[in-house]
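Student: Got a predicted structure here, sequence first:
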Number of protein chains: 2
Amino acid sequence: MADDTKKTDPSVDFGILNSLMGYRLRRAQMNFFSKFSDLCSDLGISPGLFAIIAIVERNPGLTQTAVAQALGNDRSAMVAAVDKLEQMDIIERRPAKNDRRSYALFMTKHGQTFFKTLSTRVMEHEQSMAARLKDDKELDWLLKTLDILSKN
Amino acid sequence: MADDTKKTDPSVDFGILNSLMGYRLRRAQMNFFSKFSDLCSDLGISPGLFAIIAIVERNPGLTQTAVAQALGNDRSAMVAAVDKLEQMDIIERRPAKNDRRSYALFMTKHGQTFFKTLSTRVMEHEQSMAARLKDDKELDWLLKTLDILSKN
DNA sequence: TATTGTTATACTCTATAACTATA
DNA sequence: TATAGTTATAGAGTATAACAATA
C-alpha cells in the first residue's frame, strides 16, 4: 500500500531486531513487494507471477516443474498460476515433444509485449530504489551479498 | 526446510530477475525464514511471534496496537498472536492504567528465560550467516543498506 | 467522534498427500 | 518404480469491515 500515514513509532526500541539481517531483510522485502503491488496490481500481476513470466521469457520450452524448481516453488502451485497466465494470454502450454506427461511453456505474442511493459515498470522502480545507494558498485555489492545469503 | 536435495537448476537463465534487488531480497529472506523455522518451530515460535516478543521485552507496557504499529502489522492480527503467547506463558496482558480500553503487554518470568533461549539460537544462526561476509564492517553496511531500502 | 480490542471474513501463499497418465 | 500435471485440502499470513466498551 505504500502508506505514509501509519509511521513506525521512533520511540520504540527494536532491540535485537535491529541487529538481525533476517528482520531487516523482511522489512526491505515487504517494502519492495508493496510497491510492486502498487505498480502492477492493475495488470493483475503479483511478484510470483512476474517471476514465472521472466523465467519462461528467457527459457522458452521449460516444463512447469522445471520452472517451479528454478523458483523454489512447489509443482502444485504452478497449476493455478499457469492457468491464470494462460487465461490472460501471456503464456501458453504446448504438449512436450518427448514426454506426453508434460507441457512446455512459451510466451504468446501478446505476452512478449506485455512483459516489456511490465519490465519497464519494475525497472523504473528498481532504479528509483537503487538511486538511494551510493553508486553502481554498491548495487553490485548488494546483489552479490544477497546472493551469498540466499544459499543454504 | 533447508533442503539440499532440490537444487536450483544452474542452466536456467534468470534474466531480469538476476538484476532485481526485490527478487534477491525475497530469495535471501526465504532462506532466513526457512532456517528460522528449522531452529525454532519446536518451540512453537514463528518469525512474526519472535518479533512481538522482542519488542515487548525491550518495551514493557506497550499496548497491542503500539506493538502492531511498530512492526507494521494490523491490530486485528495481534489478537491471536498475543492469545498464543499468553497461553505459552511468555507474555501477559495487564489492564492499562490510564485507558480501560487497552491492555499493556509484559513479559512473564518464564518469558524472560524463554526469550534468552530463543535469542541465543537466533543469534547463533545470524552469526553463522554473517561469517559469509568479509568482516563486521560489511555487516554494518548491509544492515544500514537494508534499512535505507525499507523506507517507502 | 475517535480509538482499543475483538470477531468474522476472505484472500493469498504455501505445503502435503493422493490421484491419473505416462515414462 | 518413478515422474508430470493435477486436485483437494489445510495451515499460515494478511487485510477489511464491523461491533462493544471506552475515550
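Tutor: Good, I have the coordinates.
Student: Which strand or helix spans A:Glu92?
Tutor: For A:Glu92, the host element (DSSP states H and E) is strand A:91-95.
Student: Buried residues in the longest helix seen in chain A, which are they?
Tutor: When chain A is parsed with DSSP state H, its longest helix is helix A:109-130. For helix A:109-130, burial by neighbour count (16 or more other Cβ atoms under 10 Å in any protein chain shown) applies to A:111, A:114-115, A:118-119, A:121-122, A:125-126, A:129-130. Quick note: C-beta positions are derived from backbone N, CA and C, even for glycine.
Student: and if you look at stretch A:102-109?
Tutor: Result for stretch A:102-109 [16+ other Cβ under 10 Å]: buried residues A:102-105, A:107.
Student: Return the closest of those residues with respect to DNA strand C.
Tutor: A:Ser102 (8.2 Å; Cβ to the nearest atom of the strand).
Student: got the contact list for that closest one?
Tutor: The contact partners of A:Ser102, by Cβ atoms under 8 Å, 6 or more residues apart in numbering or on different chains, come to A:63-65, A:96.
Student: could you redo those residues as JSON lines and give each row pLDDT?
Tutor: Below are the contacts of A:Ser102 laid out as JSON lines (pLDDT from 0 to 100):
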{"residue": "A:Thr63", "pLDDT": "97"}
{"residue": "A:Gln64", "pLDDT": "97"}
{"residue": "A:Thr65", "pLDDT": "97"}
{"residue": "A:Ala96", "pLDDT": "94"}
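Student: Narrow the residues you listed to those that are buried.
Tutor: A:63-64.
Student: Same list (the contacts of A:Ser102) but as JSON lines, adding distance to DNA strand D.
Tutor: Putting these into JSON lines (distance: Cβ to the nearest atom of the strand, whole Å) gives the following:
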{"residue": "A:Thr63", "distance to DNA strand D": "3"}
{"residue": "A:Gln64", "distance to DNA strand D": "4"}
{"residue": "A:Thr65", "distance to DNA strand D": "3"}
{"residue": "A:Ala96", "distance to DNA strand D": "7"}
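Student: can you list the buried residues of helix A:109-130 in a markdown table and add pLDDT and distance to A:Ile55?
Tutor: Formatted as a markdown table, the buried residues of helix A:109-130 follow (pLDDT from 0 to 100; distance: Cβ to Cβ, whole Å):
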| residue | pLDDT | distance to A:Ile55 |
| --- | --- | --- |
| A:Gly111 | 98 | 13 |
| A:Phe114 | 97 | 15 |
| A:Phe115 | 97 | 11 |
| A:Leu118 | 96 | 13 |
| A:Ser119 | 97 | 13 |
| A:Arg121 | 96 | 18 |
| A:Val122 | 96 | 14 |
| A:His125 | 96 | 20 |
| A:Glu126 | 97 | 18 |
| A:Met129 | 97 | 22 |
| A:Ala130 | 97 | 23 |
